[in-house]
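1. This is a predicted model, with the sequence first.
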Amino acid sequence: MARVCHFCGGSLAGNKSREHVFADWLLEFTGQGDAIVEPTHQNFEGDVVYHRRNPHTFNGLLLGGVCERPCNNGWMSTIDANAKPALIALWQGRAAASLLQHDRHALSVWAAKTTFTLNLSSLSTFRRIIPQAHIEALFKNPKVLPPGVLVIAETGLKNDGLGWAQSQSWYAHLEDRETALCKALEGSSFKTTLRIGPSAVTTSFWPNDDWMISLRDGRHVMMGSERSLIGWNAAPGYVKSNYDHVEHAFEIQVLSPATVRAQYGDAPFGVP
Ligand SMILES: [Zn+2]
């Protein structure tokens, strides 16, 4: 057990608490508190690497090693409260595109916080994919997404309750000579989809800014981005994913600098 808080690095002596990965109010509101969590670790080919034998409930999905204040009952609980309207809307099936900018932003910061907490809480079944720098950045400024982080939402899915998938595997467009580089970069990337009933919220990070992240037009809706190079891809050709429970939200792609130049020339890019 950590002696200092995962987020602020402060001592836990006399200041220890446990952070719910999914907030109390959300579990109560969705009726998912007693639903069983059965973490399964699959590789990219869909083979099960690990399946937890002693499942617990969402109420029991907690992260220890978090301080009471300033973290759990401070800025983290503020993030939960700010995202409440957006989370309720997504659970009730409202289209992500109808969310106002204010709610999109609140949701994006919530998604980052929840993604980071989830990863730290699942180290016995998975591996650490969130760099410490991102966790520190969120603690230092919990009003904005950490550098390079991108959050999208997708709505209109089947209501599968709450759930998630964490990964470092991407669909990539690249030249053969870039394969090794791409694999190396993947090791510093993260991509986590949180399932909120009929909606999915994906928090992602690709370590190099000169690679483009390409999203699917008409399906993925931008919630927040601290990344400059983003493209939209309307074309079909997405590979059916093994992550059926998170649908297509995982199907964001990266394009290497060479393929970006081949497709777009040297034109400047930006968030549309
Ligand atoms: Zn703390």
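-> Thanks, I have it.
2. tell me the contacts of residue 33?
-> 27, 57, 58, 59 (Cβ atoms under 8 Å, 6 or more residues apart in numbering). Every C-beta, even on glycine, is put in place using the N, C-alpha and C of the backbone.
3. Is it correct that the first one is in contact with residue 58?
-> Just to be clear, that refers to residue 27. Yes - the pair residue 27 / residue 58 is scored as a contact, 5.4 Å apart, by Cβ atoms under 8 Å.
4. Return every residue with contacts to both of those two.
-> Common neighbours of residue 27 and residue 58 (Cβ under 8 Å, 6+ apart) are 33, 162.
5. got the residues of the protein near the ion?
-> 5, 7, 8, 67, 71 (Cβ under 5 Å from the ion).
6. Which of those residues ranks first by neighbour count?
-> Neighbour counts for the residues of the chain next to the ion (other Cβ atoms under 10 Å) peak at residue 7, which has 27 neighbours.
7. Can you name the element that comes right after the lowest-mean-pLDDT helix or strand in the chain?
-> The helix or strand with the lowest mean pLDDT-type score in the chain, counting by mean pLDDT, DSSP states H and E, is strand 48-51 (a mean of 65). As assigned by DSSP states H and E, the chain's next helix or strand after strand 48-51 is strand 56-57.
8. can you list contacts of that following strand?
-> For strand 56-57, contacts defined as Cβ under 8 Å, 6+ apart pick out 33, 34, 35, 36, 37.
9. With secondary structure and pLDDT as added columns, please give those in CSV.
-> Output for the contacts of strand 56-57, formatted as CSV (DSSP: H, G, I helix; E, B strand; the rest coil; pLDDT from 0 to 100):
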residue, secondary structure, pLDDT
33, coil, 96
34, coil, 95
35, coil, 94
36, strand, 90
37, strand, 87
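10. check which helix or strand covers residue 41.
-> strand 40-42.
11. do the same with residue 208
-> Element membership of residue 208 [criterion: DSSP H and E] is none; it lies in no helix or strand.
12. ok, the closest residue to it other than its chain neighbours to residue 154 distance?
-> Closest residue in space to residue 208, ignoring its immediate chain neighbours: residue 185 at 5.9 Å, by Cβ to Cβ, 6 or more residues apart in numbering. In this view, residue 185 and residue 154 are 24 Å apart by Cβ to Cβ, to the nearest Å.
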